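[1] coords please:
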Amino acid sequence: MHKIEAITILYFITSLMLMGQSLHIGDAYLKIHAEGDDPLFTTYTASMERSRLYGDKGYKMDYFSGTSPISYSSDQAGSLYTIWMVDKVAIMSKGQFFRKPVVIASFPDLAISTFEPIRNIHVQEVFFVYSSTMAGIQLHIENRDSIEHLVDLYPVFELGNDSLEVTHYSSEYKAYLAHHFETRKRLISNLYASEPYITQARDIFAVDFNPHSYGAYYGGMQNFYNTIKTDWYAKNRSDSLNMCQRGYSNLVAHHGRFFLEPGESITVRIYKGWQGQNEEVGSVFREIQELEEVSWQAFVDQNVSLFQSIPRIEFANSAEKLLYISAFNLVRGCMLPPSGQTKYNFYVFSRNPKWGWGHGHQVLHESLSMMAYAYLDPLSAQNSQRVYMEQQRSDGLIAYRHGPRGPQTYPHKGQPTTSAPFFSWINWEIYQVSRDREFLSDAYDSGKKYVDWLMKNRDTDQDGTFEWGPYGLIENVRDWYNVIFQVSEERHLDIDKEDISDELECLDLTLMIINEMRILAEMAKELGKVDDASEWIGKADHISNLVNQRMWDPENNFYFHVDKIAHRFIFLERDLRRPEIIGFLPMWAKVARKDQTEKLIQRLTDPNQFWRKNGIPTLSASDPYYNPNVDYCCKWNGPIWMLWDYMVFKGLLYYGHHDLAQALGKKMIQACITQLSLNHNFWESYSPDHDVLNCPSNYIWDAIMAKLLIEMYQ
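    So this is what the prediction gives:
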């Protein structure tokens, strides 16, 4: 026998032995203890190398609601859960468990929890999203009692929002096969009609044990529970499910029966495949076979290895550590492999739930999340930025969006649309972690071209300060309900009447370009380009002086936009002096003088203006347009956007206000911890005053919280 063959056989035998054991986490730092009200992010997506842009499913784990089983729900594609019966006692909800679920490990694609449905029946449940089309559950069940127990398991797949069409039951694969329809309609924005999203879906629901029975049923979880909760006095009592093999239903289930002697344990697996009805069903069964032949310990070990590079912070409390790990899981879970017109990995804003605008391409302000991601996987973070370099136009333009469908410029009035220029800042922060000089050199060349384009195309009157482009509504990032740029109180006019950001000398854009110049100077110094560095510093200082001359209002002690023509704080009889969060960004861009900074801080720390419960709102609470309610996406009349608060945090650090920066950071942390504890989601924006909110969830840029925590502790 060849040595390679012997090693292969030994590995296979070892894997089979390990498959019957519970999994372990080989790094004590990554072991957690998250109960139901602890701040843990519980959305899971497949690892980047086994994912695809179209036909991809992620899952939200609910281990915390007391009135239902542990469940794993996918946007538009139903839920998986298991109902337990021990010694004929049916246990439907987690709230009835003898020992409630505790999550002991959570990674981007995998979660491990433990619980006891009844005393001394110990369970380790592993949920693993293997690929865009396959997820699985592994149950390791151990009888730690001194007597035998009968364990009946009822794994269920319930669609929930429509009827399943069961096409057949495969005895060979121990699997239900069914069809269902998925709409492209989404709450925030619909999936693109021209892109190949799957609407006619196939479901495969399989187990690796020989079922005692199986069935398909109408009605939901409670009706099914009533079905299996045997009436011992009924004349036609049966322990079997209905063995239905085709037809319409709301859920399908398997039934496993196991007798466990004292000290005995079993390991079973449950698989949920999902694909287009036009795809080969055999590919799903091949994935099941792949997972059946290996121990899942290898996938746990891969995740442990992934997290080896993150700073090992000793946190003040477990909640902050859970937030830290959750932020890394969020950003990694949004990453996808190269496809289409890019040879580099890229991200979407959210994989579960999935919505049109958030499932588009990369945008520079979302890419600020790469500054945190670099600590987890610096090469992948660099590659995400290389998507922009790869698709940058020859004249230097970085378009609004980039990715597998190529650059998307959204032309308006004959001009392309770019995004908020954070490009070189992101690259510099990534380099601080990766120390990859080749990346730095490429990033410098690309960033130089981009700033040159901005100077030519976003300073149309060549007066040294900058205006957003004609499609400013998306280019300026600050979307809806903006007290300055948006003309009407409710967005109802056409874009050219609604948005005036291309008709002002804009404070925010000017500061962003100054910051890019200062970062390019740092890059140039690192690369030995001394003359370049001096030139960038000179340009940044010159524009900084213009900002202080034109945009600082000594009457209000604050920075504002000004009229493009006369550089006044009035535009068409409208007073532009409405205090927004961007008035603090001159500290971030190193523009403000020390005396100006002290006056900014007086306003910042006023609880009646910006020093609110959860952080710094986008608009002063003293403004009549202020609204702290977060009831939809994209609002800038009060809600908190963590990335912008992070910029204020950075500005405070630069000017030496470390205690105040720490206090702001704690507000941001508490806002995220509160939401993760309540609903286990990250959010696009947060209410400055309230804990109840509703906007796009699991938004990638909240990964900046990992970066914030690193800076606060280190």
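
[2] Only the buried residues of stretch 585-603, if you could.
    By 16 or more other Cβ atoms under 10 Å, the buried positions in stretch 585-603 come out as 585-592, 596-597, 599-601, 603. C-beta here means a position set from N, CA and C on the backbone, and glycine is covered the same way.

[3] next one: stretch 559-576
    Tyr559, Phe560, His561, Val562, Asp563, Lys564, Phe569, Phe571, Leu576.

[4] for these, which one is nearest Ser79?
    Comparing the buried residues of stretch 559-576 against Ser79 with Cβ to Cβ places His561 closest, at 48.2 Å.

[5] Span of stretch 113-129 from start to end?
    Using Cα to Cα, to the nearest Å, one end of stretch 113-129 lies 15 Å from the other.

[6] Let's test this: mean pLDDT of that stretch, rounded?
    Mean pLDDT, stretch 113-129: 98.

[7] and that stretch, how far out from the chain's middle?
    27 Å (Cα atoms, centre = their mean, to the nearest Å).

[8] Stretch 79-88 too?
    31 Å.

[9] Restrict that stretch to CA atoms and write it as PDB.
    Provided in PDB are the C-alpha atoms of stretch 79-88 (Å, rounded to 0.1, in the frame of the first residue of the first chain):
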ATOM      1  CA  SER A  79     -37.300  27.800   8.800                       C
ATOM      2  CA  LEU A  80     -35.600  24.700  10.200                       C
ATOM      3  CA  TYR A  81     -36.300  23.500  13.800                       C
ATOM      4  CA  THR A  82     -36.500  20.300  15.800                       C
ATOM      5  CA  ILE A  83     -39.200  19.300  18.200                       C
ATOM      6  CA  TRP A  84     -38.100  17.000  21.000                       C
ATOM      7  CA  MET A  85     -40.000  14.100  22.700                       C
ATOM      8  CA  VAL A  86     -38.300  12.300  25.600                       C
ATOM      9  CA  ASP A  87     -40.000   9.300  27.100                       C
ATOM     10  CA  LYS A  88     -43.100  10.400  25.300                       C
END
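
[10] distance of Leu604 from Leu652?
    8 Å (Cβ to Cβ, to the nearest Å).

[11] Check Ile121 too.
    Applying Cβ to Cβ, the value for Ile121 to Leu652 is 53 Å.

[12] which one of the buried residues of stretch 559-576 is nearest Ala253?
    For these, the nearest to Ala253 is His561 (60.4 Å; Cβ to Cβ).

[13] Could you report the neighbour count for the nearest residue to that closest one once chain neighbours are set aside?
    Excluding its sequence neighbours, the residue lying closest to His561 (Cβ to Cβ, 6 or more residues apart in numbering) is Leu504, at 4.6 Å. Using other Cβ atoms under 10 Å, Leu504 is surrounded by 24 other residues.

[14] shaky segments in the stretch 451-600 of the chain?
    Within the stretch 451-600 of the chain, the stretches with pLDDT under 70 are 487-496.

[15] Okay, helices next: where are they in it?
    Secondary structure of the stretch 451-600 of the chain (DSSP state H, counting those that start in this stretch): helices located at 472-475, 495-498, 507-526, 530-550, 585-588, 594-604.

[16] Could you identify which of these is most buried?
    Comparing the helices of the stretch 451-600 of the chain by mean neighbour count (mean count of other Cβ atoms under 10 Å), helix 585-588 ranks first with a mean of 26.

[17] For that helix, which outside residues touch it?
    507-508, 511, 515, 547-548, 559, 592, 596-597, 600, 647-648, 650-652, 654-655 (Cβ atoms under 8 Å, 6 or more residues apart in numbering).

[18] let's see 6 Å
    With contacts defined as Cβ atoms under 6 Å, 6 or more residues apart in numbering, helix 585-588 is touched by Leu511, Tyr559, Ala592, Thr597, Met647, Lys650, Gly651, Tyr655.

[19] Also stretch 156-164?
    Gly78, Ser79, Leu80, Tyr81, Ala178, His180, Phe205, Tyr248, Ser249, Leu251, Val252, Ala253.

[20] In strands, which of the buried residues of stretch 559-576 appear?
    Using DSSP state E, the subset of these located in strands is Tyr559, Val562, Asp563, Phe571.

[21] ok so, going back, of all the buried residues of stretch 559-576, which comes closest to Ile188?
    The closest of these, once distances to Ile188 are taken by Cβ to Cβ, is His561, at 28.2 Å.

[22] re earlier: thought the residue nearest to His561 was touching Ala566?
    No. Judged on Cβ atoms under 6 Å, Leu504 makes no contact with Ala566 at a distance of 11.4 Å.

[23] Quick check on the closest residue to Pro155 other than its chain neighbours: phi, psi?
    Nearest non-adjacent residue to Pro155, counting by Cβ to Cβ, 6+ apart: Ile270, 4.5 Å away. Taking degrees, to the nearest 10, you get phi -130, psi 140 for the backbone angles of Ile270.

[24] what does Leu139 give?
    Dihedral angles of Leu139 (phi, psi; degrees, to the nearest 10) stand at phi -110, psi 120.

[25] How many neighbouring residues does it have?
    Applying other Cβ under 10 Å, we find 19 residues neighbouring Leu139.

[26] who does it bridge with?
    Beta-bridge pairing of Leu139, defined through DSSP bridges, involves Glu125, Val268.

[27] right, and it touches Val268 too?
    Yes. Between Leu139 and Val268 there is a contact at 5.2 Å, judged by Cβ under 6 Å.

[28] Find residues that contact each of those two.
    With Cβ under 6 Å, 6+ apart, Leu139 and Val268 have no common neighbours.

[29] okay, Gln21: pLDDT?
    So Gln21 comes in at 84 (pLDDT).

[30] Doesn't it lie inside a strand?
    No. Using DSSP: H, G, I helix; E, B strand; the rest coil, the secondary structure at Gln21 is coil, not a strand.

[31] Among the ones in strands among the buried residues of stretch 559-576, which one sits closest to Lys456?
    Nearest to Lys456 among those: Val562, at 21.2 Å, using Cβ to Cβ.

[32] In space, what's closest to the closest one - neighbours in sequence excluded?
    Closest to Val562 by Cβ to Cβ, 6+ apart is Glu505, at 4.8 Å.

[33] Quick check: the gap between that neighbour and Leu576.
    10 Å.

[34] same thing with Ile537?
    30 Å.

[35] Repeat that for Lys525.
    For Lys525, the distance to Leu576 (Cβ to Cβ) stands at 37 Å.

[36] my read is His254 is in a strand, agree?
    Yes. Counting by three-state DSSP, His254 is found in a strand.

[37] Nice, that's everything, thank you.
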